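Asks: Give me coordinates for this.
(2 chains)
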Amino acid sequence: QKEVEQDPGPLSVPEGAIVSLNCTYSNSAFQYFLWYRQYSRKGPELLMYTYSSGNKEDGRFTAQVDKSSKYISLFIRDSQPSDSATYLCAMLGSNYKLTFGKGTLLTVNP
Amino acid sequence: DAMVIQNPRYQVTQFGKPVTLSCSQTLNHNVMYWYQQKSSQAPKLLFHYYDKDFNNEADTPDNFQSRRPNTSFCFLDIRSPGLGDAAMYLCATSRTAFPQETQYFGPGTRLLVL
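Replies: All right, here's what the predicted structure looks like:
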């Protein structure tokens, strides 16, 4: 079983839709949970990170962590064509080493 | 302003011909990382430098080496590229190696091996 599982999609939604992106993980040592956005042919850009279970909101983005289920989510409200990208979840334990999911390719259609 | 710069953005090399990828940063961060990202796969950490201390991941092939001559620059050397080494190579930096420190990524260098 991989440490981090993420459905690669692709996911295609109309503009204005609510998008839900999810990852599961198996390593209980993970403490930090991050979401990166990666546009085509660019490096990953950090969107949000959380430390504890619960929700964290930043504009149209909400990150949700459920440590008991080992499940994290990223919600995008009022999705825009500019949100079209690959979204990578990533996790950290007690050190520097990021463990990434494979990424979900999202397309928001005008 | 670019903070993590990678050159070149695209690199074509021949099978077995050594190649060097470059990364520079304007953030004055202590830690610099190299990741390999193959198509539709997660980025995979190859190694990192904490200041001048080199830390290799256990499963990084010997074919991959790195140099960090100063704080700002870090190089990835692939001694004898194989077809399987074609990938996007991402450089990242962070202020320290504590997990709560954000890693900032460069735009990547896409390597093609012919």
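Asks: correct me, but B:V31 touches B:Y49?
Replies: Yes - the criterion here is Cβ atoms under 8 Å, and B:V31 meets it with B:Y49 at 6.8 Å. Just so you know, the C-beta spots here come from the backbone N, C-alpha and C atoms, and that holds for glycine as well.
Asks: Neighbour count: the two, which is higher?
Replies: Using other Cβ atoms under 10 Å in any protein chain shown, the more surrounded residue of B:V31 and B:Y49 is B:V31, with 22 against 19.
Asks: Okay, and the beta partners of the more buried one?
Replies: In this entry, B:V31 is beta-bridged to B:Y50, B:S94, by DSSP bridges.
Asks: Just the pLDDT for it.
Replies: Model confidence at B:V31, given as pLDDT, is 94.
Asks: Who are the contact partners of A:A90?
Replies: Neighbouring residues of A:A90 by Cβ atoms under 8 Å, 6 or more residues apart in numbering or on different chains: A:4, A:33-36, A:98-101.
Asks: Pull out whichever of those residues are also neighbours of chain B.
Replies: A:4, A:36, A:98-101 (Cβ under 8 Å from any Cβ of the partner chain).
Asks: mind putting those in CSV, neighbour count and secondary structure included?
Replies: Below are the ones next to chain B among the contacts of A:A90 laid out as CSV (neighbours: other Cβ atoms under 10 Å in any protein chain shown; DSSP: H, G, I helix; E, B strand; the rest coil):
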residue, neighbour count, secondary structure
A:V4, 22, strand
A:Y36, 24, strand
A:L98, 25, coil
A:T99, 19, strand
A:F100, 23, strand
A:G101, 26, coil
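Asks: Export these as TSV, with columns for pLDDT.
Replies: Formatted as TSV, the ones next to chain B among the contacts of A:A90 follow (pLDDT from 0 to 100):
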residue	pLDDT
A:V4	92
A:Y36	95
A:L98	87
A:T99	90
A:F100	93
A:G101	94
